[in-house]
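Colleague: Below: sequence and its predicted model.
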Amino acid sequence: MAEFGSAAASRPPAIDGVRRSFVTARGVRFHVTEAGPARGRPVLLLHGWPQHHYAYRDLLANPPAGLRIIAPDLPGYGWSGPAPHKWAKDDVASDLFALLDAMGLERVLLAGHDWGGFIGYRMILREPDRFSGYLAMNMAHPWVPTSVVARNLWRFLTYQPLIAIAGKPVQRRTGFLEWLISSAMTDRTAVTREVVRSFSERFRDPVCAQAATDTYRTFWLKEIPRAARNPERRRGTVPIHALFGVDDAAVHHSMADPATARADDYTFEGVSGCGHFIIDERPDLVRARLVELADSTG
């Protein structure tokens, strides 16, 4: 039985059969959790906030046949060391490319959720030849028109400025994250309170709390203004399947609309009765779509 909460927050939750290691790349000491055959087809899974690699616990505990599941904690998140920068998403993408290089992975299948999804888009646009396909979950694509962003800006204002301004005390000293994770799920019975706490309690660590604060502070102060001045013009050439819980109150599904995606192969699948944390609410569906993408891009 895995331990969760304050008493166990200093070590990762147990997952049967996984391999854990620390890999240093570009100044980050990555905590990496793997499952499946060491010589299987590599699949890189990127989590978001306020989570860590345990978001992919179902895939790690029971990896699909032939797939090597690789779930790093992002810099400063989970049990990875802090980033030597202020969490600009292009910098994190560079950290992850360095991790792939350090692990000897030339080409992978990619999946990302939330900020992991945002960073995943940066990666496939920068070096498309390194990715055979991309499963993006509950994240806007990088070509969202300004008018759509403007209509949905109020969603960001409900919580993001709070974390950008007062992220460390809010995450370390209150129960805000536990409430946030639960409230962002349509089916709150999909996960236990212990699983929710396995995420929220980790952000009481000052390194994690600072990484999350930097994530949002850099987004608001630098990345949003930069995107307004220089909208994304690169075209996506990697096959993309966007899987989206349409009850998401944080990121509206219109921000992943295929009509505005500048990509050669982009499909959108809205999932009714599901909120932001689709990996937690619909793990079987996430598994199925990952396997289908692997099969179609093999």
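Modeller: Everything's here; your move. Numbers count the residues shown, from 1 in each chain.
Colleague: mind listing the helices in the stretch 151-298 of the chain by residue range?
Modeller: Using DSSP state H, counting those that start in this stretch, the helices found in the stretch 151-298 of the chain span residues 160-173, 176-183, 193-200, 206-218, 224-229, 278-281, 283-296.
Colleague: among these, which is nearest Lys86?
Modeller: Lys86 lies closest to helix 206-218 among these, at 4.9 Å (Cβ to Cβ). Just so you know, the C-beta spots here come from the backbone N, C-alpha and C atoms, and that holds for glycine as well.
Colleague: got the angle between that closest one and helix 160-173?
Modeller: In terms of direction (axes from the mean of the first three to the mean of the last three Cα atoms, to 10 degrees), helix 206-218 departs from helix 160-173 by 170 degrees.
Colleague: I'd like the average pLDDT over helix 206-218.
Modeller: Averaged over helix 206-218, pLDDT sits at 98.
Colleague: Stretch 39-58 too?
Modeller: Mean pLDDT, stretch 39-58: 98.
Colleague: okay, how far is it across it, tip to tip?
Modeller: Terminal residues of stretch 39-58 lie 20 Å apart, using Cα to Cα, to the nearest Å.
Colleague: can you pull the contacts of Leu293?
Modeller: Leu109, Gly133, Tyr134, Leu135, Pro239, His241 (Cβ atoms under 8 Å, 6 or more residues apart in numbering).
Colleague: Number of residues surrounding the fourth one?
Modeller: Here the count is done by other Cβ atoms under 10 Å, and Leu135 has 24 residues near it.
Colleague: Give me the secondary structure label for it.
Modeller: Counting by DSSP: H, G, I helix; E, B strand; the rest coil, the backbone at Leu135 sits in strand.
Colleague: is it in a bridge, and if so with what?
Modeller: Per DSSP bridges, the residues bridged to Leu135 are Ala111, His241.
Colleague: Distance check, it against Val291.
Modeller: Separation of Leu135 from Val291 (Cβ to Cβ, to the nearest Å): 10 Å.
Colleague: before we move on, what about the second one?
Modeller: Going from Gly133 to Val291 by Cβ to Cβ gives 11 Å.
Colleague: give me the number of residues near Asn62?
Modeller: Neighbour tally, Asn62, other Cβ under 10 Å: 15.
Colleague: Any figure for the gap between it and Phe244?
Modeller: Relative to Phe244, and taking Cβ to Cβ, Asn62 is found at 24 Å.
Colleague: about what we covered before: quick check: neighbours shared by Leu135 and Val291?
Modeller: Joint contacts of Leu135 and Val291 (Cβ under 8 Å, 6+ apart) do not exist.
Colleague: Which one of Gly133 and Val291 is surrounded by more residues?
Modeller: Gly133 (23 against 15).
Colleague: For that one, give its distance to Leu67.
Modeller: Counting by Cβ to Cβ - Gly133 and Leu67 are separated by 12 Å.
Colleague: Next, show the common contact partners of the two.
Modeller: Shared contacts of Gly133 and Leu67, counting by Cβ under 8 Å, 6+ apart, come down to Leu109, Ala294.
Colleague: Could you pull up the mean pLDDT of stretch 277-292?
Modeller: 98.
Colleague: For the stretch 1-150 of the chain, which segments are assigned as helices?
Modeller: Assigned by DSSP H, counting those that start in this stretch, the stretch 1-150 of the chain shows helices spanning 57-61, 89-102, 115-126, 146-157.
Colleague: Ala256 touches Val246, doesn't it?
Modeller: No: using Cβ atoms under 8 Å, Ala256 is not in contact with Val246, being 9.9 Å away.
Colleague: Pull out the buried residues from stretch 290-298.
Modeller: Under the neighbour-count criterion of 16 or more other Cβ atoms under 10 Å, stretch 290-298 has Leu290, Leu293, Ala294, Thr297 buried.
Colleague: Stretch 248-257 now?
Modeller: Asp248, Ala250, Val251, His252, His253, Ser254, Met255, Ala256, Asp257.
Colleague: Check the gap between the residue nearest to Gly236 when sequence neighbours are not counted and Asp257 for me.
Modeller: Distance criterion Cβ to Cβ, 6 or more residues apart in numbering; nearest residue to Gly236, sequence neighbours excluded, is Ala263 at 3.3 Å. Look at Ala263 and Asp257: by Cβ to Cβ, they are 12 Å apart.
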